[in-house]
Structures are given as C-alpha cells and as structure tokens.
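[1] Return atomic coordinates for the entry below.
(2 chains)
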Amino acid sequence: MDLKGISGKRPQLAAVVTAYKKYLHPQHVVDRFLDGYGWNGTYHHPEMDVVSLYVDQRGEGDLFQERAGRHPGMKICPTIEEALTLGTSKLAVDGVVVVAEHGVYPLNENGIMKRPHYEFFERITGVFRTSGRSVPYFNDKVLSWNWDWSKKMVDVSQELNFPLQGGSSLAVTWRIPSVEFPLGAVTKEALSIGYGGMTSYDFHGLETIQCMVERRKGGESGVEWLQTYRGDAFWKAYEEQLWSHVLMKAALSRSSTLRPGDASFTNIFPTVEQMKTMVPDPVAYHYQHRDGLRSTMILLNGMVRDFTFAAMIDGESKPFSTQMYLPMPDGRTTLANFFSPLVYNAEQMFLTGKAQYPIERTLLTSGLLIAGVESAKKNLRLQTTNLAAINYQPNPKSTFWRN
Amino acid sequence: MLTRRRFVGYSALSSSILACPPLLRSTLGQSPSGSSSSPLRLAILGSTFRHGSNLQTIADRFLVGYPCEGDWHMPNVRVVSVYIDEHIRRTAAGPTDFQLAITGQTRKSRVEATGTASDLSEARAKQFGFRLCQNIPETLRCGGDRIAVDAVLTIVEQCDDYPYQSNDKGQMLLPRYDFFQQCVEVFETEKHSVPYFNHKQLSFSFTEARSMVETAERLKFPLMAGSSMPVTWRLPDIDIPSGTRVQEAVMVGVGSFDNMDFDALEAMQSMLERRKGGETGVKAVQLLRGDEVWAAGKAGRWSQDLLSSALSRSDTPLGLTLLDGRNQDLVGDGVLPQLVKDPAAYCIEYADGTKATLLMLNGAIRDFNIAARLQSGDLVSTQFFMPPAPNETYSACLAEKIDQMFQTRKAPYPVERTLLVTGLQEACINSRFKLNQRLETPDLIMSYQSLARSQYGRT
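    Numbers count the residues shown, from 1 in each chain, chains lettered A, B, ... in the order given. As a prediction, this is how the structure comes out:
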C-alpha cells in the first residue's frame, strides 16, 4: 500500500456509488465528506476532498449534479477507472469510498439483490494493479452477495496490502446506554432483536451481535453451523427456548419503539400471543460459534423499529444489554446521523492508513447473511465450514459513537 | 375568588373537606414505605386520562411497568385510587339533574358525552381494580374516612375538550397548586402526610410554587417535581463535571410558549446546578423575540459558538435537509433567520455570573440540545434524547425516579430545581408581557446543592 499523499497533503478520494438520491446510503455517506457533519460538539469538515464520483445508476431524483455544482472540485466520471485515475493513466487518488447499497439490480436464486460491491472492487483493484500501488478502501455494509467474492475481496486486500474497512453503522452508532462489551469477557449466549427483512436489515442485526461478541475471551473463533427459523418454526423454537427468553426480554426492554400489543397503552411489554399477532414473519438466524458461544439474530418486523442487543456474561447476575441507536429519518429525525460515526471511522482509516476494525468482522457477517438466507430456503441447519475458518481479534479500542 | 380558584368551583372538594372528621391520625395503620414488601398504595390525580396524555403515559407505568436498566420493571406499587378533573368539569358543564328532568333528557354516558372513547380511566379502573373518585379527598381516603394511600402522583395538564383558562400573559392556569393544596388540607386534617410528585412546573405562579415547597418542608413530606428531560438519556452520555466553574450555556429547543420551554429550562438547570458553589440563584432575566434574538447573538449576549456546538448535536435540521437530506451547518451557513420566523431567547443571568440562554428555534430543528463553556474553555455539549411516541421512554426514566422517591421517601434530586425553573419561566413570561424588558428577579436568589452523582438515564 502506498501512503504517499496521506501524510503530506489533504487526501483526495474517489467515490464509487450505485445511486445518489435522497436518503440512499451513497447520499448519506458522500454528503458527509462533502458538506461535513456534527461531530464531537462541533460542525466537522473532513480533512480530505472527494475529487471524483462515479454513479452506476442515474435517473429521476438524482442529487449528484447538485452536489457537484456546489463542490466543483468533485468531477463526475463516466467510468470507475476515470474516477480513480482522474483522466491520467494511473491511480491518482489517496482513497476510495464505495457505497454499493441501494440501486436496483437483479436478485439471485435466494432473493439477495446482486449489488455490485464485487464488480466495483474488481475494477478498482484493477487500477491498483496496473498502477502498481493501492490505497485505503472503504466499502459500505456487506462485502458481496456471493460468498466466494466476499472472501476474494478480503484476500485481494491482503495480497495488495491495502486497508479494507466495511460493515454497518450499527457497529459504530450511539448506544443507549453507552456501554461496551467487556474485553475478554466470557459469554455463552448473545442475541440481537431488530426489524426489517432478510437480505437487508438482517445484516445490521448480525453486525450488532458481532461488534460486541468479537470482544469476548479468545476473540472470534468462527461459526460452525447456522439454522434459520421463520414463521411457525420461529415460535416453536421460541417456545422450546432455543434462545434465552431472559435475553429476549432484556433486549426488548432496551427498545424505544416497542409497539403496544394493546392499542390503548403506549408502552407495554407484549404477551407472546400479541407478539404473534404483530409479527407476521418473525426471523431468527441461530448459530453456533466454534468456542461454544450461541448467537441468535432476531427480526421482529412489525413489533420494533430499532436494534437491541443482550448477552449473558459469566459472573454477572443480569444480562448485559443496550440499544444500538439509529437516528432514523423515517419521521423520527431528518438526518440519518448513524452514518456520521461510519464516515468518521472511514476518515480515520484514510488519515492513518489503518482499518479501524477488522474486515474479518464484515466477512463473517456477510457470510452469515448468505448462510441465513440459504438455511431459510433449504429449511435445514447449514454446516458453515467457510465461516468456521474466520477467526480474528477485535480492535481493543472502542470505535462506537460516544463523544 | 372563584375566578382565581378556577378548580375549586368545579369540584366537590369543599363540602367533602368540611364533612371530614378531623384528627383521625391514631388509626392510620400504615407501614412506612420501604420497610415492608407489600405494595405501596398510590393515588393518582390529574386532569385527563386520554390516550397519549402525560398522565396516561406516566400513570400506566405504575400499572403495567416500564423499561428500566435492561429489564421490564414492575414497581412495587398498587394504584388504588384515581381522580380525573375532566370528569367533574364535564359534569359541571352539562345539564343538572333538574334540567334533565324538566326537558325529559337522560344523562349521556361519558363516551357519548365526549364523542370519543379516548378517556381510558374507566377501562383502566375496571382492568386494574382501582377506585375512580369524585374528588381529591375521596381519592386520598379511597372512599373511607382517613388517608388510605402511601403516595400521591399528580399530573395536571391542559385538557382540550374542557380547557383551563389562560391569563392575559398567556399562561395556562393549570390547577397544580389547587390539587396540592387539597391534598395538604387532608394531610393537615389528619396530621399525616405522604410523598407527593407533581409533574412539570409546580405552578404558573412562583409565589404559589414557593408556598408548596415551604408546606412540604413544614409537614415534612417528600415533594418532587419536574419533567422528564433532565432525567432522560443523553447523546452523548455526558454531564457538566460536578464542582466545575461554568461561563455560559446555550440550550436550543422547540415547542410552544409556556409548554416545552419549561422542560428545556429545567434540563439546562439540571446541568448548570452542578457548577462550582452549587446553585445560588438568578438575578435577572430577559425574553427576547424576533430580530432582537439575532442581534443579541451578534452583540455577544449569547454565544454563537455555543449555539453552533449545541446544533451540532441535533438530528433534526429542517430547511434544505428536508428537501434533499443534506447535512447543514445551520450557524455557519447563516440560514437560521430564514428558517426561524419567531425566535425567542430566554436570557438568564445567574447570581454568580454564569449566563445561560434558551433559544427556542421552531422551524430550524425538532430536538433539544445544549452546549456549555466551562471556565477551562472546554465545551460540553449533548442532546437530551426524547424517544418518539408512542413509547416516549423518556418518561420511563422519570417514572423510575418517582418510584424511587415513593419507596425511599427521599426525592432523588432537589425540588428547589423545579421551584427555581418555575420562577424562571414565569419571570420570562413577565418579561415578554412587559415588552421584553430585562427584569430583576430578587425572588429567585435562592441556593441549593445538587448531587455529585448524575441522575439522568445512563444504565
């Protein structure tokens, strides 16, 4: 990796995105580099410039022309190569920001949208190869919808020796309460409860768990099997206590969007019968880590609109629990400010040349999503030998938003 | 005066009090709170029990529990009696029995009379087995002839169908003092007092509020008051370090006059009272409006840097953010005067030299944020997180504190905070009424000590 340009002058970044419209991930992320954002009690302007932008899908509602108009230093480029070379024959930027969430692409056979994270990666690393140098690479959310490609992205980043940083905002946003999973703690069971559907918000639930449990004793050991439960199978698994009811209650008690099971109340803990009525399609990805930890990512769409986490930590009488708070512009806020810590951590990577958290986390969660969807389709427990091989150590320093 | 005592005229209180035999203290038979595991008996007094009202959202927490420290906490409390003023006011506004008889009409049920089923008091009474009472003494005595509750929770708020009047200064004349006084009359008659919580400001009148605090001291019962904002979660989880000198604070908020301004002032006070020397009171206030607000900022009356810092904590900038989702430096971009048509600045001069300003910026944001400059020059800034309806879990943070007061008979934070803010708000309203004059506030020279340990939601 070449850090030239990183230490001496303001880094120049190329942004490569799927679509740039209001409230799509590319708008949230690239806007923060361009216009700044509130951070640590001040209005923060990143010490770097987005000098080029490639937009894969254009159409009604596009905002990138308006942004380029206000930020003439950002050139709209017709190809990814040009965005990276700025019209020269070689890599001419100091970092790459890839936001391949949103946009409309075909679905694979399991219903996962084939978003072009990998295709973008191939073309970007093609420029790295021909230029003989690589620069830090930010990849929003999952690595790829395809496991082999996800794995290859990590392998190539190691081969070409550049920092690759990915993942969801859930890992870095505010926590309510503002607590960190104790480094080196022993835990046997963890779960998250979230909303949204499979192939999308499941990833956020998986990242919610993983950013916490990777800090347990021994670090991440890999995941050896996974089974998905939906609909009636979910409630049967719930009744059989495949996952802890105590942890579920702890997580739900951290929610600030718990739909009342009885409409005459405004905040009441639901009965199981009420949960069944409110959640037509409950989902659980229930999985076993190699060191014995059992994790469950639960989606209760229709009952909550936030992400909460709970784990049993050895030596503690009560579950450890928190909410990963998303200021969500669905009427609750106007800014999706959970992108601020995501961008801030990306900036830190561009400034230091070091990923702020391990890409293996994102590789594991990308793989868990793919396995979860496949297990649901096949309706069986999947042995996940690919995920069993992912072991890594966390960044001991906390990277979530707390200042 | 009946016009002044707008509540008394509607309630059956006066005759009840007179009919009540005095001095029955010897047979109360109540065990002190905290010394027994049996549930504490709670009376709830309020103006309305509609869905979404402050009373419903808070009272329900004592009926069905609330989220607390990662668990669903069921307080060791049994609601035994409830008084809803709206019922009595409705009856008073309707035809008398005699009028009904001569016109051949029958009395409509409560639901028919209001045209809505949103009054939940009867349904809750049925479900939870508490007594729905006709007046406050009955509520405290649960229909018997002596106090039969261990604590009182009072939530008096505006009631849309039967609104309380406003005075010529624009203050809603909510009968919080009257509710309190009626309880006190029962306490004094029986020589037995119980812990009392009053939601939000003590009264629209500082004089009444001060008398409430003095009465509680005289009768030696714990009195706690205030809103949820001082105790809700903060983003980030930060407080002014206890015992630090503070130069200036700027709080930003939104909402209507004589409503959310109280909550915002109280949240600000909950941080500023921690400064070195403790609270020593307020010597003057001035309420500015319109262009004078911006002019005062330019003149250094309030700090633009602190405003900028406070707004950096907001998740809800309006204007162009609504249009296309962009981030905005509302101060740096100079757009506030375009966005805020009717700004207000509540300028507060503390006796020890600290200055503070609440800026109400309807049109610019929708949340509540603060920034303070410490003597060291460091800035402290945060958002008072107000989770959305329907859960409004900020009031769970308040319920936890109320429950703590009921169980321990000790207010977790001083009622003097609420007293001072009650006075601050009234003084600012007076300043507005007097054409935005600066008003000296000798009555608000009062001191109290805060607790070193922060009391907001953290765990």
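
[2] alpha carbons only for contacts and neighbour counts from here, please
    OK.

[3] which residues sit in contact with residue B:272?
    B:240, B:246, B:279 (C-alpha atoms under 8 Å, 6 or more residues apart in numbering or on different chains).

[4] List the buried residues of stretch B:440-449.
    Residues of stretch B:440-449 classed as buried by neighbour count (16 or more other C-alpha atoms under 10 Å in any protein chain shown): B:441, B:444, B:446-449.

[5] For the residue in the stretch 101-250 of chain A that chain B sits nearest to, the count of nearby residues, please.
    Residue nearest to chain B within the stretch 101-250 of chain A: residue A:250 (4.9 Å; C-alpha to the nearest C-alpha). For residue A:250, the neighbour count with other C-alpha atoms under 10 Å in any protein chain shown is 27.

[6] ok, now how distant is it from residue A:191?
    Summarising the geometry, the distance separating residue A:250 from residue A:191, computed by C-alpha to C-alpha, to the nearest Å, is 10 Å.

[7] anything in contact with each of these two?
    Shared contacts of residue A:250 and residue A:191, defined by C-alpha under 8 Å, 6+ apart, comprise residue A:310.

[8] show me the contacts for residue 162.
    Looking at chain A here, since you left the chain open. By C-alpha under 8 Å, 6+ apart, the contact set of residue A:162 is A:1, A:134-137.

[9] let's do chain B instead
    The neighbourhood of residue B:162, defined by C-alpha under 8 Å, 6+ apart, consists of B:86, B:89-90.

[10] Out of those, who's the most crowded?
    Using other C-alpha under 10 Å as the neighbour criterion, residue B:86 leads these with 21 neighbours.

[11] quick one: that one and residue B:47 touch, right?
    Yes - here residue B:86 reaches residue B:47: they are 5.5 Å apart, a contact under C-alpha atoms under 8 Å.

[12] and for those two, which residues touch both?
    Counting by C-alpha under 8 Å, 6+ apart, the residues touching both residue B:86 and residue B:47 are residue B:159.

[13] give me the beta-bridge partners of the closest residue to chain B within chain A?
    Using C-alpha to the nearest C-alpha, the single residue of chain A nearest to chain B is residue A:38, 4.2 Å away. Beta bridges link residue A:38 to residue A:43, judged by DSSP bridges.

[14] Excluding chain neighbours, what is closest to the residue of the stretch 251-400 of chain B found nearest chain A?
    For the stretch 251-400 of chain B, the nearest residue to chain A under the criterion C-alpha to the nearest C-alpha is residue B:312, separated by 4.2 Å. Taking C-alpha to C-alpha, 6 or more residues apart in numbering or on different chains as the measure, residue B:312 lies nearest to residue A:38, with 4.2 Å between them; neighbours along the chain are not counted.

[15] How about the residues of the stretch 51-200 of chain A by chain B?
    With the criterion set to C-alpha under 8 Å from any C-alpha of the partner chain, the stretch 51-200 of chain A comes near chain B through A:63, A:174, A:176-178.

[16] Kindly recompute the last result at 10 Å.
    Residues of the stretch 51-200 of chain A lying close to chain B (C-alpha under 10 Å from any C-alpha of the partner chain) are A:61-63, A:67, A:174-179.

[17] Select only the buried ones of these in ChimeraX?
    Burial among these is assessed by 16+ other C-alpha under 10 Å; the matching ChimeraX selection reads:
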select /A:62,63,67,174,175,176,177,178,179
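
[18] need the buried residues of stretch B:440-449 in a markdown table with secondary structure, can you?
    Written out in a markdown table, the entries for the buried residues of stretch B:440-449 read as follows (DSSP: H, G, I helix; E, B strand; the rest coil):
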| residue | secondary structure |
| --- | --- |
| B:441 | coil |
| B:444 | helix |
| B:446 | coil |
| B:447 | coil |
| B:448 | strand |
| B:449 | coil |
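
[19] now, among those, which is nearest to chain A?
    Looking at the buried residues of stretch B:440-449 and their distance to chain A, the nearest is residue B:449, at 26.7 Å (C-alpha to the nearest C-alpha).

[20] which residue packs closest to residue B:437, ignoring adjacent ones?
    Closest residue in space to residue B:437, ignoring its immediate chain neighbours: residue B:431 at 5.3 Å, by C-alpha to C-alpha, 6+ apart.

[21] does the one you found count as helix, strand or coil?
    helix.

[22] Surely residue B:410 and residue B:151 touch.
    No - in this structure, residue B:410 sits apart from residue B:151 without contact. The criterion is C-alpha atoms under 10 Å, and the distance is 12.0 Å.

[23] out of those two, which sits in the busier spot?
    With other C-alpha under 10 Å as the criterion, residue B:410 and residue B:151 differ in neighbour count, and residue B:151 comes out ahead with 26 against 16.

[24] OK, contacts around the more buried one?
    Residue B:151 makes contacts with B:33, B:40-44, B:77, B:79, B:140, B:193-197, B:221-222, B:403, B:405-407, B:409, as judged by C-alpha atoms under 10 Å, 6 or more residues apart in numbering or on different chains.
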